[in-house]
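I would like to see how this sequence folds:
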Amino acid sequence: MTPHHTLAKEFLKAKTGHNYPIGIILGTGLGGLVKYIDIDFSIEYSDIPHFPVSTVEFHSGKLIFGTLSGKRIVAMQGRFHYYEGYNHHRVTFPVHILKELGIKYLLVSNACGALNHQFKKTELMIISSHINLHFDTPLIGFKIVNHKAPAQFYSKELIKLAEDIAIENDIDIRKGVYASVQGPNLETRAEYRMIKKIGGDVVGMSTIPEVIVAHKLGIKCLGISIVTDEGFPDTLEVANIQDIIKAASVAEPNLTLLTQKLVEKL
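Next up is the predicted model:
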């Protein structure tokens, strides 16, 4: 850890008094889970030493500490993106801090565009793997202890648990590959075709840096995407943030229920 990480950790440790085994990163338009959290307290990102601050409209900026489904959790209300001008080390700064707060599981949500024609707007997708099109990695500078290929970034145990919960609660859910581009501009028709061709089922602009670092730190990860628009080149329509937020709000109750049930079983 850097001195900046240490200062942020010590600041938060002095306020928490507990370990929080479950971390949750709430993505675009997915803040409805907050009303189900029995909140002990929250802290603005801007009050935490050296913590990044979100510059994106519709993203809040606070850490929420409390209880969900009987388990202690810490939730990031608002995340950071490569396109905001932060490098991967800054984007993933909070993950290191969450690790120091005791998290063993990280649940990550995001909004995305569908490339797979079987996927439709407002559906949920469990991330089974990812394609990093940022052409950068937050692991630059990490001490390399071996050169073995990484195990699965997204926990098979958590994926199976999420699938079982979805079936038990009649939640339609997909499973597929999440590709992340730099942004902030949306993709061209040619780029949508390319990403689909190399194996992407959906495309977004987040999540992968955080999961890479969490995995490296020994945290089990689950990623769930809400399909908020459709990147089908031959029928492509102009996407806007209002439509994306609206689609996310339609899917949000299912994601909220899924997350509540998942946390209960961890």
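
secondary structure class of residue 225, three-state.
Under DSSP: H, G, I helix; E, B strand; the rest coil, residue 225 falls in the strand class.

oh sorry, the question was meant for residue 243
Classified using three-state DSSP, residue 243 is helix.

tell me, what residue is most central in this protein?
residue 108 (2.9 Å; Cα atoms, centre = their mean).

quick one: that residue is in a helix?
No. Counting by three-state DSSP, residue 108 is not found in a helix; it is strand.

that one reaches residue 223, doesn't it?
Yes. In this structure residue 108 lies within contact range of residue 223 using Cβ atoms under 8 Å: 4.7 Å. Where C-beta positions appear, they are placed from N, C-alpha and C, glycine not excepted.

can you work out which residues contact both of the two?
Common contact partners of residue 108 and residue 223 (Cβ atoms under 8 Å, 6 or more residues apart in numbering): 207, 211.

neighbours around residue 18, how many?
Neighbour count for residue 18, taken as other Cβ atoms under 10 Å: 12.

quick thing: my sequence starts at 347, can you match it?
In the new count, where the first residue is 347, that last one comes out as residue 364.

low pLDDT regions in the stretch 397-546 of the chain?
402-406, 490-497 (pLDDT under 70).

redo that, cut-off 90
399-407, 424-428, 430-432, 486-498, 529, 531-533 (pLDDT under 90).

now the strands for it?
Listed in chain order, the strands of the stretch 397-546 of the chain (DSSP state E, counting those that start in this stretch) span 408-414, 417-423, 451-460, 470-479, 519-527.

which of those strands sits closest to residue 364?
Proximity to residue 364, assessed across these by Cβ to Cβ, is greatest for strand 417-423 (5.9 Å).

show me what that closest one is packed against.
Packing contacts for strand 417-423, counted by 3 or more Cβ pairs under 8 Å, 6 or more residues apart in numbering; DSSP states H and E, involve strand 368-372, strand 408-414, helix 439-446, helix 587-611.

would you turn the strands of the stretch 397-546 of the chain into TSV with distance to residue 391?
What follows is the strands of the stretch 397-546 of the chain, written out as TSV (distance: least, Cβ to Cβ, whole Å):
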stretch	distance to residue 391
strand 408-414	6
strand 417-423	9
strand 451-460	17
strand 470-479	25
strand 519-527	22
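
most tightly surrounded among the ones you listed?
Mean neighbour count (mean count of other Cβ atoms under 10 Å) peaks for strand 451-460 among the strands of the stretch 397-546 of the chain, with a mean of 26.

returning to that earlier point: for residue 553, find the nearest of the strands of the stretch 397-546 of the chain.
strand 451-460 (5.0 Å).

partner strands of that closest one, with direction?
strand 368-372 (parallel), strand 548-550 (antiparallel), strand 566-576 (parallel) (DSSP bridges).

okay, the first one in CSV with CA atoms only?
The one in question is strand 368-372. Extracted in CSV, the C-alpha atoms of strand 368-372 (Å, rounded to 0.1, in the frame of the first residue of the first chain):
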residue,chain,number,x,y,z
ILE,A,368,-19.2,-7.6,1.8
GLY,A,369,-18.5,-4.7,-0.6
ILE,A,370,-21.0,-3.4,-3.2
ILE,A,371,-20.3,-1.0,-6.1
LEU,A,372,-23.5,0.6,-7.3
